[in-house]
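Engineer: Got a sequence here, can you model it:
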Amino acid sequence: MKKVVLSLLIVANAICCAAQVPIDHFNVGPYVVDYNGIGDIKYRLRDDIDLYEYFEFKKDTTIIAAAPVEEPVENAIQISGRVGANRSVSKEFALEGFWKKHLGGLLHFNAGLSLSLGHSKHPDLTRNMLEVGVPVQVELGKLCRQSASLYGLVGVAPTFYTTMKAERVDCATGATRDDVKKSGFLVAPSLEFGGNIPAGVVVLRIGVYGTYKINCTTGDFDVYDQAGRAFFGAKIGVIL
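Structural biologist: Now for the predicted structure:
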């Protein structure tokens, strides 16, 4: 019996000691804070506080959170890729890089470098082309990292082109000839439309484009007469 009583006294003493741990109370605005030490904090609304009276609100007061401030991108780098085709069964695959400069309002200036590979296949000719261009563009649209937006642009790209591989089949003999290689310069005006989608610190860009290739190299044979001049396709990129 003595052991039982002793055990009960020890438990009661431990409970009393724990209950004597001091707790600091602070009134912070309309709240009361119980502070037991670093990392051990509890808070609640004071019993005698009416938030409408405390902050002098009316019953029909509507609290509207401030919208984030939209700051236009002043300078940026854009990396994008595009895939296009035309009615002449030709295809193009390109990688582009741009420097973008905000001119004011919704207006932007873009300048960069593009590398394009083209492929066309016809009954008597297969051709692989390489094009290296310097596109210059004027862009209209709101470009910021806080909200999505639409854009449109017009541009022109002075371009050097060369034939990487070309094989012509002689319809009379069926023999393959490799004598239709061609290099030169062209100018490619373009139109593009799409949207900008913020994704953290970068902006994703998705759009569609159309371009028309004007061969500036004179001669009795124009490779773009057969490969096609007008290309339409899709573009995806990221603005850093």
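Engineer: Going along the chain, name the helices of the chain.
Structural biologist: 2-19, 51-54, 223-227 (DSSP state H).
Engineer: what helices or strands is the last one leaning on?
Structural biologist: Okay, so that is helix 223-227. On a contact count with 3 or more Cβ pairs under 8 Å, 6 or more residues apart in numbering; DSSP states H and E, helix 223-227 meets strand 107-122, strand 125-133. All C-beta atoms are positioned from the backbone trio N, CA, C, and that covers glycine.
Engineer: is it possible to export those to CSV including distance to residue 80 and mean pLDDT?
Structural biologist: Shown next, in CSV, are those (distance: least, Cβ to Cβ, whole Å; pLDDT from 0 to 100):
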stretch, distance to residue 80, mean pLDDT
strand 107-122, 9, 91
strand 125-133, 14, 88
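Engineer: and residue 135, how many neighbours?
Structural biologist: The number of residues packed near residue 135 is 22, by other Cβ atoms under 10 Å.
Engineer: hang on, it packs against residue 98?
Structural biologist: Yes - with contact defined as Cβ atoms under 8 Å, residue 135 counts as touching residue 98 (7.5 Å).
Engineer: Need the residues touching each of the two.
Structural biologist: Here residue 135 and residue 98 have 110, 111, 112 as joint contacts, going by Cβ atoms under 8 Å, 6 or more residues apart in numbering.
Engineer: Which member of the residues you listed is positioned nearest residue 35?
Structural biologist: Using Cβ to Cβ, residue 110 comes nearest to residue 35 of these, at 56.9 Å.
Engineer: Quick check: closest non-adjacent residue to that closest one.
Structural biologist: residue 137 (4.0 Å; Cβ to Cβ, 6 or more residues apart in numbering).
Engineer: show me what contacts the one you found?
Structural biologist: 98, 109, 110, 111, 153, 154, 155, 190, 192.
Engineer: So what pairs up with the first one in the strands?
Structural biologist: What that stands for is residue 98. residue 78, residue 112 (DSSP bridges).
Engineer: Can you pull out the residues in contact with stretch 200-207?
Structural biologist: So stretch 200-207 is in contact with 73, 76, 78, 80, 143, 145, 151, 192-198, 234-240, going by Cβ under 8 Å, 6+ apart.
Engineer: buried set for that stretch?
Structural biologist: 203, 205, 207 (16 or more other Cβ atoms under 10 Å).
Engineer: Residues in a beta bridge with the residue most central in space within the chain, which ones?
Structural biologist: The chain has residue 204 as the residue nearest its centroid, 1.3 Å off, counting by Cα atoms, centre = their mean. Legend: beta-bridge partners of residue 204 under DSSP bridges are residue 197, residue 238.
Engineer: How much space separates the closest residue to residue 93 other than its chain neighbours from residue 182?
Structural biologist: Among residues not flanking residue 93 along the chain, residue 117 sits closest, at 5.1 Å (Cβ to Cβ, 6+ apart). Between residue 117 and residue 182 the computed distance is 16 Å (Cβ to Cβ, to the nearest Å).
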